[in-house]
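Q: I would like to see how this sequence folds:
(one chain, ligands or ions: 2)
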Amino acid sequence: MAQYARSSAVAVIRLCNPPLNALSLAVLQALEDGLKKADADPSVKAVMICGENRKFSAGADIRGFSSPKRHEGALGPIVSLIESSEKPVVAAIEGVALGGGLEVALGCHYRIAHVKAQMGLPEVTIGLLPGAEGTQRLPRLIGLPAALDMITTGKHIPATEALKLGLVDEIVEENTIEAAIRLANKVIGQPLGPRRLSLKPIPRLPNMEAFLREALVKVKKQARGCLAPELCFQAVRAAAERPFAEGVRRERELFQVLLTSGQARALQYAFFAERAVRRWDTPSGASWSSAAPQPVRKAAVIGLGTMGRGIVTSLVKANIPLVALEQDLEYLNKGRKAVMLLLEREAMKMERGAQALDFHNPARLQFTVDFDLLHDVDLVIEAVFENMALKKEIFHKLSKICKPGALLCTNTSALNIDEIASATSCPQQVIGTHFFSPAHVMRLLEIIYGRHTSPTAIATAMQLAKALKKVGVVVGNCFGFVGNRMMFPYVQQAVFLLEEGSRPEAVDQVLEDFGFKLGPFRMSDLAGLDVGWRSRKDQGLTGPSLPAGTPARQRQGQRYSPLPDLLCEQGRFGQKTGKGWYQYERAGGRTATPDPWLHSFLSHYRDTHHIKTRFIDQEEILERCLFSLINEGFAILAEGIASGPEHLDVIYINGYGWPKHRGGPMFYASTVGLPRVLAKLQKYSEVHPDVPGLRPSAFLKKLVAAGNPPIKEWMSYLSQQSSKL
Ligand SMILES: CC(C)(COP(=O)(O)OP(=O)(O)OC[C@H]1O[C@@H](n2cnc3c(N)ncnc32)[C@H](O)[C@@H]1OP(=O)(O)O)[C@@H](O)C(=O)NCCC(=O)NCCSC(=O)CC(=O)CCCCCCCCCCCCC(=O)O
Ligand SMILES: NC(=O)C1=CN([C@@H]2O[C@H](COP(=O)(O)OP(=O)(O)OC[C@H]3O[C@@H](n4cnc5c(N)ncnc54)[C@H](O)[C@@H]3O)[C@@H](O)[C@H]2O)C=CC1
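A: Residues are numbered from 1 along each chain as shown. Ligands and ions are numbered 1, 2, ... in the order given. Below you'll find the predicted structure:
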């Protein structure tokens, strides 16, 4: 758990807990023992702390936070013990020094880091604060503004930035351990008082009050209902306003509040869920552990519309050479201009600058209308209109032109992967890669395997996700896959609520207060109402193919709302036309304001259809929207479309703006309690028997009958599958 060794007069304590030397109680005990041994040995004149495998430490063992053992007071006293040592202690930071790992380093008298090391206090991202005196020491070392930024955002900073901030004393390009031992020998006998951070005052700011006031407003705005950022702020404020010991007491109190909050549990669940989905498998036995990806040295993107532009930008940022193809020169020029604009913006944001992205080099990014140029690419991503006939035509062409083994990906939102694959001679190489808009920003990549998709194809798509710095989630093939399929009943409920008496702004407000970045109507306006309209026309739910005499508010015996279709018929497509569920300042405008036209249109609609208006409270809005979405999630799990609830949660957090501090929809259902979710669905379903989305799924009922088991056991009630958490 920690090795103790000697290098002449320097005692070397090496933290050992692979892979990242997380600080378990055993590691902490061994660290304490090492420090005491060094202290007691008169031949030891200095101490050096480092980590095994060239990683300092990723911080406290996160799994330990849910263990019943008391651990919260375990690290702070050890950091104090390090700092109060009468022999100089040097931290040799390699790899990562995060959370409790960095707090250990802050207790040391000197810090030396490898140039590639990363440092940070990311506790806020798992619902906590740096509870081992980090909120008190960091501001004393690097000043209040920089410390507040690091602690409230949890960002990791590279060693070069750490040096500029004064967080480390030195950075080295070669052997950090040797350099740290050299430094330890050099500082033997030098006074330690000035190196003890707890004794240092916080560098004063001329306008401290105003700075704190403004910082709090910013933190609250970014937190959107998440508790940890504000409590991190309060702990740092205590450092600014109180003596060290009092600040530490305040830090401990606030840490306790967070530790026992449901939000910390949800965020820690989300942390492990994101890692669990990397270990994908399919019902036919394909698995991450046996499938090997193939290299992607060159790629192609077909269609440079909304999605294609973002996908090209992502690939360029990942340094993958590519060909970008459009249907004709007019669309090509439009697409090229849009891509270049995005890339210029991205280059400006990146430290390395435009030149490093190299997108002006035709050998790295080539624009064309010629399909023959795709003959040597390893992977193609198709992003043309959502139209089955068009997609099949393109895939047929690709299977003839592309080299054997090339991966053929479709960025469809909902269409059948098997049908698209049937147009090719290589269905094993066809896979869905569902990006989210804007594709160069959103982290989610839903990866959909078809009946014939090979394990290599899945592994390659997962590797692509990693290269693009996205979270890949492997799911099965069904209409809408996982994300959109769960979204359909949610949006449907939102529209039914309008029919029954609510307004878009009221529904959005409830869901935004819950923590969604955008409510369903603001989201639909952003995505474009025409997208769903086209899909409903293709499905024969509206438009000319609808049989005469079909009741306006019913399809195949189920309730249907024509409201979104009626809006589209008026040319109200959302932001792009300046009008949708809201009105905007102009076509393409982004500021949504409630629209009196829509309100009177809704009244007229209700009168026409003899719908009695009633007041709908917030609870009903929340429950009908969320529980119908969750209910679909249970159906998806039962069908084996996703191999565990964590997949659904990772999809919702990373692709649909679900508030991370609520852990994802399925985790949220587990916190509400499945019996309550079931009871509410039963109640709403009785009132609306013609709405299948409200009819409780058999799997949900089964789990309730089984006594509401914890989320990690859910899958065992289906078959032999079990959750990877
Ligand atoms: C470090 C990373 C950026 C690395 O990323 P990457 O290379 O992509 O690798 P990963 O796949 O993410 O990680 C590999 C593997 O390691 C697991 N892991 C990573 N970090 C931790 C961790 N801190 N604890 C436990 N496990 C960890 C990860 O899950 C993977 O395994 P898998 O799930 O099986 O695939 C990245 O990993 C990262 O960002 N890590 C998290 C960094 C972080 O958030 N650190 C802060 C932790 S909280 C903290 O330090 C708290 C405090 O400051 C307060 C101190 C209070 C008191 C502390 C007392 C400590 C005692 C604990 C009780 C233990 C109980 C017991 O021993 O029984
Ligand atoms: N817009 C969104 O938010 C999302 C869309 N999708 C899916 O991505 C796909 C593309 O959607 P958008 O980018 O929104 O569409 P879009 O309409 O903005 O762009 C489609 C592009 O494809 C081009 N194209 C059409 N036929 C072509 C051909 N034969 N050869 C080459 N290019 C051709 C068009 O010229 C157009 O530029 C669709 O399948 C859609 O369902 C997926 C996720 C989100």
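
Q: where in this structure is pLDDT low?
A: Filtered on pLDDT under 70, the chain yields the residue ranges 68-73, 351-355, 719-725.

Q: got the domain ranges for it?
A: 2-260, 299-475, 502-543+557-608, 618-722 (automatic domain parsing).

Q: so which of these gets nearest ligand 1?
A: domain 2-260 (2.4 Å; CB to the nearest ligand atom). In this view, the C-beta of every residue, glycine as well, is placed from N, C-alpha and C.

Q: what's the neighbour count on the closest residue to ligand 2 within the chain?
A: Closest residue of the chain to ligand 2, CB to the nearest ligand atom: Gly305 (1.7 Å). Residues within reach of Gly305, counting by other CB atoms under 10 Å, total 15.

Q: with just CA atoms, put stretch 211-220 into CSV.
A: Listed next in CSV are the C-alpha coordinates belonging to stretch 211-220 (Å, rounded to 0.1, in the frame of the first residue of the first chain):
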residue,chain,number,x,y,z
PHE,A,211,-14.7,39.7,-5.9
LEU,A,212,-16.4,37.2,-3.6
ARG,A,213,-19.8,38.6,-4.4
GLU,A,214,-19.3,38.3,-8.1
ALA,A,215,-17.7,34.9,-7.9
LEU,A,216,-20.7,33.5,-6.0
VAL,A,217,-23.1,34.7,-8.6
LYS,A,218,-21.0,33.0,-11.3
VAL,A,219,-20.7,29.8,-9.3
LYS,A,220,-24.5,29.6,-8.6
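
Q: where do the strands sit along the stretch 1-150 of the chain?
A: Counting by DSSP state E, counting those that start in this stretch, the stretch 1-150 of the chain has strands at residues 2-7, 10-15, 46-51, 89-93, 96-98, 110-114, 118-120.

Q: tell me which of the ones you listed is the most buried.
A: strand 89-93 (a mean of 30; mean count of other CB atoms under 10 Å).

Q: so what strands line up beside that one?
A: strand 46-51 (parallel), strand 110-114 (parallel) (DSSP bridges).

Q: interface residues of the stretch 201-350 of the chain facing ligand 1?
A: Within the stretch 201-350 of the chain, the residues that sit near ligand 1 (CB under 6 Å from any ligand atom) are 272, 275.

Q: contacts only, for the closest residue to Ala30 other than its chain neighbours.
A: Among residues not flanking Ala30 along the chain, Ala2 sits closest, at 3.5 Å (CB to CB, 6 or more residues apart in numbering). Each residue near Ala2 by CB atoms under 8 Å, 6 or more residues apart in numbering is listed here: 13-16, 27, 30-31, 33-34.

Q: can you redo the residues you listed as a markdown table with distance to ligand 2?
A: Output for the contacts of Ala2, formatted as a markdown table (distance: CB to the nearest ligand atom, whole Å):
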| residue | distance to ligand 2 |
| --- | --- |
| Ile13 | 51 |
| Arg14 | 48 |
| Leu15 | 44 |
| Cys16 | 45 |
| Val27 | 44 |
| Ala30 | 50 |
| Leu31 | 49 |
| Asp33 | 55 |
| Gly34 | 53 |
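
Q: surely Cys16 touches Ala5?
A: No - under the criterion of CB atoms under 8 Å, Cys16 is not in contact with Ala5, lying 11.6 Å apart.

Q: before we move on, the earlier item: Leu566 is nearest to which of the strands paired with strand 89-93?
A: strand 110-114 (61.7 Å; CB to CB).

Q: how many neighbours does Lys386 have?
A: Check again: residue 386 is Glu, not Lys. Residue neighbour count, defined by other CB under 10 Å, stands at 17 for Glu386.

Q: who's in contact with it?
A: Contact analysis of Glu386 by CB under 8 Å, 6+ apart lists 412-415, 531, 534-535.

Q: that one and Val471: what is the separation?
A: 23 Å (CB to CB, to the nearest Å).

Q: go on, Gly657?
A: Applying CB to CB, the value for Gly657 to Val471 is 14 Å.

Q: neighbour count winner among these two?
A: More crowded of Gly657 and Val471, by other CB under 10 Å: Val471, with 22 against 19.

Q: you'd agree that one is up against Asp649?
A: No - Val471 is beyond contact range of Asp649, at 11.2 Å (criterion: CB under 8 Å).

Q: count the residues that sit near His170.
A: For residue 170 the amino acid is Glu, not His. Neighbour count for Glu170, taken as other CB under 10 Å: 15.

Q: ok, the residue lying closest to it once chain neighbours are set aside - contacts?
A: With sequence-adjacent residues excluded and distances taken as CB to CB, 6+ apart, Glu170 is closest to Ile112, at 4.7 Å. Counting by CB under 8 Å, 6+ apart, Ile112 touches 90-93, 168-172, 176, 179-180, 183.

Q: how about these in a markdown table, adding distance to ligand 1?
A: As requested, these are exported to a markdown table (distance: CB to the nearest ligand atom, whole Å):
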| residue | distance to ligand 1 |
| --- | --- |
| Val90 | 21 |
| Ala91 | 15 |
| Ala92 | 17 |
| Ile93 | 13 |
| Val168 | 18 |
| Asp169 | 22 |
| Glu170 | 23 |
| Ile171 | 19 |
| Val172 | 21 |
| Thr176 | 17 |
| Ala179 | 23 |
| Ala180 | 21 |
| Leu183 | 25 |
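
Q: make TSV out of the strands paired with strand 89-93 and add distance to Leu254.
A: What follows is the strands paired with strand 89-93, written out as TSV (distance: least, CB to CB, whole Å):
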stretch	distance to Leu254
strand 46-51	27
strand 110-114	26
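
Q: how about those strands, which one is nearest Arg485?
A: strand 46-51 (44.1 Å).

Q: check whether that closest one comes near ligand 1.
A: No - judged by CB under 6 Å from any ligand atom, strand 46-51 stays clear of ligand 1, getting no closer than 11.4 Å.

Q: and that strand, how far out from the chain middle?
A: 35 Å (CA atoms, centre = their mean, to the nearest Å).

Q: look up the closest residue to Gly657, ignoring the ones flanking it.
A: Distances taken as CB to CB, 6+ apart place Lys517 nearest to Gly657, at 3.5 Å, with adjacent residues excluded.

Q: the one you found: how many residues sit nearby?
A: Per other CB under 10 Å, the neighbour tally for Lys517 reads 13.

Q: Ser413 versus that one, what's the distance?
A: Separation of Lys517 from Ser413 (CB to CB): 19 Å.

Q: now the strands for the stretch 151-300 of the chain?
A: Using DSSP E, counting those that start in this stretch, strands in the stretch 151-300 of the chain cover 157-158, 170-172, 299-302.

Q: who are the packing partners of the helix or strand harbouring Leu626?
A: Leu626 is part of helix 618-638 when elements are defined by DSSP states H and E. Applying 3 or more CB pairs under 8 Å, 6 or more residues apart in numbering; DSSP states H and E, we find helix 618-638 packed against helix 483-500, helix 504-514, helix 645-655, helix 665-672, helix 674-687, helix 698-705.
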